[in-house]
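Q: Pasting the sequence and the predicted model now:
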Protein chains: 2
Amino acid sequence: MKEIFAGETPPAPAALAAKVRTLAPSMTRSMQRVAETVAGDPAGCAALTVTGLAERTGTSEATVVRTARLLGYPGYRDLRLALAGLAAHQQSGRAPAVTADIAVDDPIADVVAKLAYDEQQTLADTAAGLDTVQLGAAVSALAAAGRIDVYGVGASGLVAQDLHQKLLRIGLIAHAFSDPHLAVTNAVQLRAKDVAIAITHSGSTGDVIEPLRVAFERGATTVAITGRPDGPVSQYADHVLTTSTARESELRPAAMSSRTSQLLVVDCLFIGVAQRTYETAAPALAASYEALAHRHSPRGSQR
Amino acid sequence: MKEIFAGETPPAPAALAAKVRTLAPSMTRSMQRVAETVAGDPAGCAALTVTGLAERTGTSEATVVRTARLLGYPGYRDLRLALAGLAAHQQSGRAPAVTADIAVDDPIADVVAKLAYDEQQTLADTAAGLDTVQLGAAVSALAAAGRIDVYGVGASGLVAQDLHQKLLRIGLIAHAFSDPHLAVTNAVQLRAKDVAIAITHSGSTGDVIEPLRVAFERGATTVAITGRPDGPVSQYADHVLTTSTARESELRPAAMSSRTSQLLVVDCLFIGVAQRTYETAAPALAASYEALAHRHSPRGSQR
DNA sequence: CCGTCCGCCGAAAATACCTTTCAAAGGTGA
DNA sequence: TCACCTTTGAAAGGTATTTTCGGCGGACGG
């Protein structure tokens, strides 16, 4: 678990709000105050010195610097620069309207609009926060893998299956496990050239970490897709792909936005692998399409 | 002679290049060098300290500060902040390339951007095209249903399972079938108060239409979630919810965007039902959250 | 051609700001 | 309750920025 955090986050362009949300759970109270203040008013904070921001948040300079570090910057100075950039950025793109939470008495049309907006937001945040270097490394590993195991339980289990289906379609040998026992017993079979992928929003789902650990110890390349890159799962992951965490509410469980985010990551992995293995992937995709065609409207369909 | 410049120029937003040109004649040689460097590469200069910029322009710190003053900023620090903002601004200006298709040789970062953009587009299209009346009717049927069966095969099967999981979470009696035989044999059991939902992008997947037909004939309320509302599946559907179809390409199969679209519809159904059955849904959601909590980070996480 | 003046320039001192260290306060589990 | 670990802010320690100040070079008049 040596340098999991080394270069974990690039300077971060505009996805600051998303990053704050992602990292908030792993922050201490005072750091959260700082992070929220910063995310809430980038422009205002950019004008403040360390001391100023410390006063405004009722904390100390040290805490402000610590927060800046956690957000991926070398120090406060750089956070401040990023803040200035972000301020200029959102100055141009005027604010949207449907930021409100979904309420019990919202008419159905509002629900549609808000959900769509939230999911779009989640996608944007995920894309902005995704470390393309890690992604590229994961793609390379997948493209060269002899065998690929994907672990996920609950809502993440469906994402695991989605990835599984996709990889099969381009001719790779992949398996998806939702059963922790099966996952572990199969993980034991993995060799150095193989790849194991764990999908967990919380980053601390034991049922998923365990098989990844086994795969890691067997020498396989391991990938974690998680919303908590600092969580336990990262200990056994060679490459960590961070999904974004949207605000949740009583009616909108976290599973919903995490799923959207995870699926985007999975899609990126898939496309990336398909590019690398184009020679075999393209015909395989075409073949699977062909094979399905005749299953559409074979019976019935008399107008 | 301190405040000659006080209030002379406002912070200056993005018209820095223009200001440089305007003020250039009144500048001394070294100051012009600094100003031109800054105007030429705002992003690069934003990363430099006073000393760095002084070296790069072959001048001294004092000159850099003097230049910053002349440009209307209190000091170099503020010029640098403005520079960072300007850099971010013109960074965002160059992003219209994402409308293009995903190519085999796209760098991974482009893949991420394009995929995210496409999926966002799909969401917007779906939300815009969704018939809220049909949706409301479907929600009512679900909220009042005694039993709910969901059919979907292939990629749509995962969506069916997603809906299934969600409905279970709020205490409804739901089942998802990917196996056409099981689906049909179970559809026979449905009664008038029950609901059957078929999910098929093509609208003509026989394996899914067949159980829906059975359910329809048994008198259950039937719902179709399809990208082809004019397809055969609609014959047996009381309510048709239309998903949007994004352009697909060789590398990006239709399944990808249809899934995004279907999931949004499913989410809307879920939230809608949760609203209608709030009294029972809220505690059920809370309970399922509670039940899962202790499965997170049971082991590991030393450090 | 020389001397003096004037304004530009940069080295270095002075200051403001940022970062690090360290010890105390607060919380947690045994 | 105690020991231990985490969090936190005060203050020391560094760096970056600003200011000061004297030198340098050109311009102009003698």
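A: Good, I have the coordinates.
Q: Neighbours of residue A:217, how many?
A: Residue A:217 has 13 neighbouring residues, counting by other Cβ atoms under 10 Å in any protein chain shown. Placement of C-beta: from N, CA and C, glycine included.
Q: Grab the nearest non-local neighbour of it.
A: What sits nearest to residue A:217 in space, not counting adjacent residues and going by Cβ to Cβ, 6 or more residues apart in numbering or on different chains, is residue A:236, at 7.9 Å.
Q: try residue A:26
A: Sequence neighbours aside, residue A:230 is the residue nearest to residue A:26 in space, at 4.9 Å (criterion: Cβ to Cβ, 6+ apart).
Q: next one: residue A:237
A: In space, and not counting its chain neighbours, residue A:237 is closest to residue A:224: 3.6 Å by Cβ to Cβ, 6+ apart.
Q: and that neighbour, what is it in contact with?
A: Shown in contact with residue A:224 (Cβ atoms under 8 Å, 6 or more residues apart in numbering or on different chains): A:197-200, A:203, A:212, A:233-234, A:236-237, A:239-241.
Q: By neighbour count, which of the residues you listed wins?
A: residue A:199 (33 neighbours).
Q: which residues of the stretch 201-303 of chain A score low on pLDDT?
A: A:247-252, A:254, A:292-303 (pLDDT under 70).
Q: does the closest residue to DNA strand D within the stretch 151-300 of chain A sit in a helix, a strand or a coil?
A: Residue nearest to DNA strand D within the stretch 151-300 of chain A: residue A:230 (11.3 Å; Cβ to the nearest atom of the strand). Following DSSP: H, G, I helix; E, B strand; the rest coil, residue A:230 is assigned to coil.
Q: Surely it touches residue A:23?
A: Yes. Between residue A:230 and residue A:23 a contact is recorded at 7.4 Å, counting by Cβ atoms under 8 Å.
Q: Tell me how far residue A:138 lies from DNA strand C.
A: 31 Å (Cβ to the nearest atom of the strand, to the nearest Å).
Q: where's that residue relative to residue A:238, distance?
A: 8 Å (Cβ to Cβ, to the nearest Å).
Q: Okay, buried residues for stretch A:102-116 please.
A: A:102, A:106, A:108, A:111-116 (16 or more other Cβ atoms under 10 Å in any protein chain shown).
Q: same check, this time on stretch A:162-182
A: Those would be A:162-170, A:172, A:174-178, A:180, for stretch A:162-182 by 16+ other Cβ under 10 Å.
Q: same check, this time on stretch A:65-72
A: A:65-68, A:70-72.
Q: tell me which of these is nearest to chain B?
A: The nearest member of the buried residues of stretch A:65-72 to chain B, counting by Cβ to the nearest Cβ, is residue A:68 at 14.7 Å.
Q: Remind me what the helix or strand where the closest one lies packs against, helices and strands.
A: For residue A:68, the element it lies in under DSSP states H and E is helix A:61-70. Counting contacts by 3 or more Cβ pairs under 8 Å, 6 or more residues apart in numbering or on different chains; DSSP states H and E, helix A:61-70 is packed against helix A:29-40, helix A:50-56, helix A:76-92.
Q: Can you add mean neighbour count and give those helices back as a markdown table?
A: Shown next, in a markdown table, are the helices and strands packed on helix A:61-70 (neighbours: other Cβ atoms under 10 Å in any protein chain shown):
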| stretch | mean neighbour count |
| --- | --- |
| helix A:29-40 | 19 |
| helix A:50-56 | 17 |
| helix A:76-92 | 22 |
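Q: Can you convert these into a markdown table and add a column each for mean pLDDT and distance to residue A:264?
A: Putting those into a markdown table (pLDDT from 0 to 100; distance: least, Cβ to Cβ, whole Å) gives the following:
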| stretch | mean pLDDT | distance to residue A:264 |
| --- | --- | --- |
| helix A:29-40 | 89 | 22 |
| helix A:50-56 | 92 | 33 |
| helix A:76-92 | 83 | 22 |
